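[1] Build me a model:
(2 chains)
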Amino acid sequence: MVDSSEIITNVMERRITKLLVQDKRLDGRGLTDYREIKVETGLIEKADGSALVSLGNTKVLVGIKVDVGEPYPDTPDEGVQTVNAELVPLASPVFEPGPPKEDAIELARVVDRGIRESKAIDVKKLCIIPGKKVYIVFIDVYVLDHDGNMIDASAMASIAALAISKIPVYEVKKNGEIEITTKKSLPLNDYPIAVTIAKIEDSLLVDPSLEEENMMDTRLTISLNNNNDICAIQKGGIGTLKKNDILNAANIAQKKAKEIRKIVKGK
Amino acid sequence: MVEGSQKKNLINKKGLRVDGRKPDELRSTKFEIGLLEKAMGSAYVEQGKNKIIAAVYGPRETHPRHLALQDRALLRCRYHMAPFSVEERKRPAPSRREIELSKVIGEALEPAVFVDLYPRASIDVFIEVLQSDGGSRCASISVASLALADAGIPLRDLVASCAAGKVDGEIVLDLNDDEDKLGEADLPVALMPQSESITLLQMDGNFSQKEFESAFNLALKGCGQIYDLQKQALKEKYSIKKEVLEDLEGEKEE
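    Model (predicted):
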């Protein structure tokens, strides 16, 4: 069965491949150009922090909620970070309602790893009563419009939302109860940035659009911390990479992360 | 993961690791092929304390049918840990980690499989981690690849997988559980050695560009060693033994 959208896709794929040979892209970008990045923070007043990131037409909203709960037994004096991602059906004709499937879980875990491994959230400062009460930081990623590269947009929105998050300050009373006194900023140590690079035939390109994503052989997401050290990597898709692709991608990611960090921070 | 500056004494004064290995030394690794009766292909691996079994069913009819692909086989992979495989009992329902690993392991295996030979069929790879000791995703890929071979499914190559990482500031091969938990970085890699194609790459922790390159090269070397062990296991299972050959020749002469 061949429907018309499939024919358009085939024509577009051929066009994309043809342009890539000349280091050009369908939307006029160079291979290492991101689409326009826009960041708005604090849109959701009821959240402890929030950010809406547009990456071209891709839109991701992240809301932060901070709660108090029990620490993990192996880290009794550390706060807890959890990332959850929802690919809500209004974002794409191919997203369906229901519990998160492997794509959403992978997205959440890649975003989580970038934040966790760069030690962006100062979890040591999120302990209230060791072994009993710690802050739990919920990072909820809501993809609103999926036009490619959800991972980078989600990572940007997550760190931008964390950076403006306020958490209640608790006072521990003698009877072990806790009381809110005031609010303070969520303690952050780092500002990780994820850079996703797609491989199509022999070309490496950053920030793949949906069309590029649909035809790419594979993708590589590299997260970098303030120091420009690599703190997380994820390959996705059933294609393969050569050793040189990976080393080149690492180089590209290091250059792009610095630029993007400035844009997202608004400095 | 701990700060790079905090030494956890994972490497002693002689430069040896907690289990006595040299930095670039693989754990003792043994593959066994075809140990399950009902599966079309199966394999088992012990790598350090990892004990992992993999089975392949297919190519067979896809269920549910609407998932079938018109131009190729659907390769499905399930990575699952037994409740008793880790220190604290793991709940049997698949965790988010297991769902992610199932996805990336499937993606690591598929490039090696001629999926276009079996349109509309499914090839199901089931991996059960009976005991986990760090590096279980890599061991799972290596052993599942052998199970695919044992099932007689046409393959471009075996997929060999191994991790490298950083422990006490030093780049080491094939991290065990303690090194994985207390070390500074972990870099699992899967490789189709014939075409030098990388089919899995993940990383967490902290690497400078230079450290990343040397860890990556070490992981590729580890994949090469795993590849040799995989081939050896296949040969052991499938080459006709000398005595059998002599018997056959003897029968002919009679």
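
[2] Show me the shaky parts of chain B.
    The model of chain B has pLDDT under 70 over residues B:1-8, B:252-254.

[3] List, one by one, the residues from it near chain A.
    Taking Cβ under 8 Å from any Cβ of the partner chain as the contact definition, chain B meets chain A at B:1, B:70, B:96-97, B:99-100, B:102-104, B:107, B:110-111, B:187, B:192, B:195-209, B:212-213, B:216, B:220. To be clear about C-beta, it is placed using only N, CA and C from the backbone, and glycine gets the same treatment.

[4] Selection in ChimeraX covering whichever of those residues are buried, please.
    Filtering the residues of chain B next to chain A down to the buried ones (16 or more other Cβ atoms under 10 Å in any protein chain shown) takes a single ChimeraX command:
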select /B:1,96,99,100,102,103,104,107,110,111,187,192,197,198,199,200,201,202,203,204,205,206,207,212,213,216,220
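
[5] Which of the residues of chain B next to chain A fall within helices?
    Taking DSSP state H as the definition of helices, the residues of chain B next to chain A contribute B:96-97, B:99-100, B:102-104, B:107, B:209, B:212-213, B:216, B:220.

[6] and B:K38, how many neighbours does it have?
    Number of residues near B:K38 (other Cβ atoms under 10 Å in any protein chain shown) recorded here: 7.

[7] quick one: it and chain A, what's the gap?
    In this view, B:K38 and chain A are 27 Å apart by Cβ to the nearest Cβ, to the nearest Å.

[8] near chain B, which residues of the stretch 51-200 of chain A?
    Residues of the stretch 51-200 of chain A lying close to chain B by Cβ under 8 Å from any Cβ are A:102, A:105-106, A:108-109, A:113, A:116-118.

[9] Tabulate those residues in JSON lines, adding columns for pLDDT, neighbour count and secondary structure.
    As requested, those are exported to JSON lines (pLDDT from 0 to 100; neighbours: other Cβ atoms under 10 Å in any protein chain shown; DSSP: H, G, I helix; E, B strand; the rest coil):
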{"residue": "A:E102", "pLDDT": "94", "neighbour count": "15", "secondary structure": "helix"}
{"residue": "A:I105", "pLDDT": "97", "neighbour count": "22", "secondary structure": "helix"}
{"residue": "A:E106", "pLDDT": "97", "neighbour count": "22", "secondary structure": "helix"}
{"residue": "A:A108", "pLDDT": "97", "neighbour count": "23", "secondary structure": "helix"}
{"residue": "A:R109", "pLDDT": "97", "neighbour count": "21", "secondary structure": "helix"}
{"residue": "A:R113", "pLDDT": "98", "neighbour count": "24", "secondary structure": "helix"}
{"residue": "A:R116", "pLDDT": "97", "neighbour count": "20", "secondary structure": "helix"}
{"residue": "A:E117", "pLDDT": "97", "neighbour count": "25", "secondary structure": "helix"}
{"residue": "A:S118", "pLDDT": "97", "neighbour count": "25", "secondary structure": "coil"}
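
[10] beta partners for the residue nearest to A:A47 when sequence neighbours are not counted?
    The shortest distance from A:A47 to any residue other than its chain neighbours is 4.0 Å, reached at A:G63 (Cβ to Cβ, 6 or more residues apart in numbering or on different chains). For A:G63, the beta-bridge partners are A:S50, A:D140 (DSSP bridges).

[11] I figured A:G63 was touching A:S50, is that so?
    Yes - proximity of A:G63 to A:S50 meets the contact threshold set by Cβ atoms under 8 Å, at 4.7 Å.

[12] Can you give me the pLDDT of the residue nearest to A:A47?
    Note for A:G63: predicted pLDDT of 96.

[13] can you tell me which residues contact it?
    Applying Cβ atoms under 8 Å, 6 or more residues apart in numbering or on different chains to A:G63 gives the contacts A:44, A:47, A:49-50, A:140, A:142, A:161.

[14] what two of those have the greatest distance between them?
    Pairwise distances across those peak at 13.6 Å for A:G49 and A:Y142 (criterion: Cβ to Cβ).

[15] Looking at these two, which is more packed in?
    When neighbours are counted by other Cβ under 10 Å, A:G49 comes out ahead of the other of A:G49 and A:Y142, with 25 against 20.
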